[in-house]
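*Asks:* here are the coordinates; sequence isn't available:
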Ligand code: NAD
């Protein structure tokens with residue numbers, strides 16, 4: 001059965017890529033609704049034409065409620081304030097929801113999980129399959145080396161990104177902190193300047209680069225006396241995230257209500273093969 005997918009943030013960088021990923025999907029899927037903010041100048045535009053292809057018959061609208069009947073699952077890559085509004089509509093309509101938006105405050109993150117408690121809900125700071133493998137490699141490295149190494153996370157993104165450090169860098173920090181029994185909120189160091197003093201072995205450092213059109217690079221460094229292990233993931237196209245999010249949406253429509261992440265999606269795919 002074809003999975004009918006709606007996208008919020010349809011005209012954004014990720015929204016356009018998601019529309020392309022749906023068209024290219026191996027699993028039968030169709031874009032059946034495209035939602036943008038009410039002030040968008042692209043309301044009414046055809047999504048196919050927006051991608052430079054033939055008209056698709058799906059025009060951009062401002063109201064998810066009005067098109068909710070036409071979709072089986074929503075994919076949201078917008079801004080936190082918008083995601084919370086869309087989540088309430090999905091919860092109200094018992095509509096599965098995939099969230100890729102990052103930059104939530106702790107309070108917003110808790111509200112999102114509470115709002116979506118009664119629906120199938122999948123959230124990931126990064127939907128690229130390779131990044132999700134990176135999480136697993138970082139966890140293994142932390143367990144093997146983390147107690148005797150200094151851990152630093154370096155991330156780079158394009159100049160338009162509005163949150164820092166990236167959600168993926170924070171997820172990497174959470175993974176290694178958990179593996180080492182540390183509380184990230186107590187040990188994270190976000191950038192350094194001036195007379196910082198010697199490094200505390202227990203801290204996890206974050207460094208951020210914002211420049212040009214970098215799609216998304218993440219490196220985690222485990223450095224000790226005499227050696228250094230670096231695990232790096234580089235995204236060269238947003239299709240890595242979009243393809244993963246579409247894969248998650250197609251998987252999520254068959255799941256019971258609950259809170260999932262991309263690791264669950266990949267584990268579900270592995271168990272099918
Ligand atoms: P973008 O600014 O290009 O696109 C965001 C879109 O959301 C815009 O078109 C904007 O008009 C729209 N929007 C804002 N408010 C809205 C509302 N109320 N209703 C509907 N649409 C609304 O940004 P982007 O680069 O596409 O990134 C979007 C988000 O996705 C960011 O938080 C980014 O960090 C995140 N992201 C996540 C992943 C991942 O794999 N999880 C990958 C890339 C980007």
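*Replies:* Looks like it came in fine. The structure presented is a predicted model; accordingly, all values stated were derived computationally and were not measured.

*Asks:* so what pLDDT did the residue of the chain found nearest the ligand get?
*Replies:* Scanning the chain for proximity to the ligand using Cβ to the nearest ligand atom identifies residue 12 as nearest, at 2.1 Å. For every residue, glycine as well, the C-beta is placed using N, CA and C. pLDDT, residue 12: 97.

*Asks:* repeat for residue 271
*Replies:* In this prediction residue 271 is given a pLDDT of 63.

*Asks:* Quick check: nearest residue in space to the residue of the chain closest to the ligand, chain neighbours excluded?
*Replies:* Nearest residue to residue 12, sequence neighbours excluded (Cβ to Cβ, 6 or more residues apart in numbering): residue 77, at 6.4 Å.

*Asks:* ok, now residue 207?
*Replies:* In space, residue 207 is closest to residue 154, 4.7 Å off (Cβ to Cβ, 6+ apart).

*Asks:* Name the residues that touch whichever helix in the chain runs longest?
*Replies:* Secondary structure assigned by DSSP state H gives helix 129-145 as the longest helix of the chain. Residues from elsewhere that reach helix 129-145 (Cβ atoms under 8 Å, 6 or more residues apart in numbering): 124, 126, 151, 168, 171-172, 175-176, 178-180, 218, 220, 222, 224, 229, 231, 233, 235, 240, 244, 262-263, 266.

*Asks:* Try it again at 7 Å.
*Replies:* Under the contact criterion Cβ atoms under 7 Å, 6 or more residues apart in numbering, helix 129-145 has outside partners 168, 171-172, 175-176, 179-180, 218, 220, 222, 224, 229, 231, 233, 240, 244, 262-263, 266.

*Asks:* what does stretch 159-176 give?
*Replies:* 102-103, 125-126, 131, 135, 138-139, 142, 146, 151, 153, 155, 157, 184, 188, 190, 204, 206, 208, 210-212, 218, 220.

*Asks:* how about that stretch: buried residues?
*Replies:* For stretch 159-176, the neighbour count (16 or more other Cβ atoms under 10 Å) marks 161, 164-176 as buried.

*Asks:* before we move on, what about stretch 68-85?
*Replies:* 68, 71-80, 82-84.

*Asks:* How far does that stretch stretch from one end to the other?
*Replies:* 14 Å (Cα to Cα, to the nearest Å).

*Asks:* Over to stretch 185-196?
*Replies:* End-to-end for stretch 185-196, by Cα to Cα: 19 Å.

*Asks:* ditto for stretch 69-89
*Replies:* End-to-end for stretch 69-89, by Cα to Cα: 12 Å.

*Asks:* does that stretch come close to the ligand?
*Replies:* Yes: using Cβ under 6 Å from any ligand atom, we find that stretch 69-89 touches the ligand at 77-79, 82.

*Asks:* Repeat that for stretch 130-144.
*Replies:* No: using Cβ under 6 Å from any ligand atom, stretch 130-144 stays clear of the ligand, with a minimum separation of 7.7 Å.

*Asks:* count of residues packed around residue 248?
*Replies:* 27 (other Cβ atoms under 10 Å).

*Asks:* Wait, a helix at it?
*Replies:* Yes: under DSSP: H, G, I helix; E, B strand; the rest coil, residue 248 falls within a helix.

*Asks:* quick one: which helix or strand includes residue 196?
*Replies:* Counting by DSSP states H and E, no helix or strand carries residue 196.

*Asks:* Per-residue pLDDT of it, please?
*Replies:* Listed pLDDT for residue 196 reads 95.

*Asks:* That one and residue 205: what is the separation?
*Replies:* As judged by Cβ to Cβ, to the nearest Å, residue 196 and residue 205 stand 10 Å apart.
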